[in-house]
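**Student:** Below is the sequence, then the predicted model.
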Amino acid sequence: MRKRYHSITDIVATVYCEQKAVYDRERGDARPLDVRIKAATGTFEHLRFQVEGQTSQIVDKRCFIASQVYGGEAWQTNTLRAWRDRVLMPRATGRVAVRLYYAVSPGIARVLERWPRAAGLVRRALDRLVVFVEGR
């Protein structure tokens, strides 16, 4: 006889109706197919939400100036974030440069928000940096 482990769902189900939990264990799940599909879909969505939450904590979304100029989720901003993570962060000098950037860039981003002409100049400079980064 093989061991059957109980999921947390099985354990919680016994709190609501112990007789149904015993019945389902002995004779199988008697819920209609559409109810089982909805339950499986809900479980999948919970897992997806959990994974998205864990991965979004890992990814450093800070990129103040590029976010101000291009937008937070623009491909250019994501390209610069990836370059930061792949090229700059593994090196000690790169980490120092990133720390310096984080110290001064929020103030620069606020200035760019108020002065669209300055933002246009910075955008052209960042366009060149993005081209350089993509060529690596």
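**Tutor:** All right, it came through fine.
**Student:** Could you tell me which ranges of this structure sit under the pLDDT cut-off?
**Tutor:** 1-6, 10, 13-14, 16, 53-60, 136 (pLDDT under 70).
**Student:** at 90 instead, please
**Tutor:** Per-residue confidence of the chain (counting by pLDDT under 90) places the weak regions at 1-63, 72-73, 85, 134-136.
**Student:** Show me the domain layout of it.
**Tutor:** Taking automatic domain parsing as the reference, the chain has its domains at 8-57, 61-135.
**Student:** Can you lay out those as JSON lines showing mean neighbour count?
**Tutor:** Bear in mind the C-beta positions are built from the backbone N, C-alpha and C, glycine included. Listed next are the domains of the chain as JSON lines, based on neighbours: other CB atoms under 10 Å:
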{"stretch": "domain 8-57", "mean neighbour count": "11"}
{"stretch": "domain 61-135", "mean neighbour count": "14"}
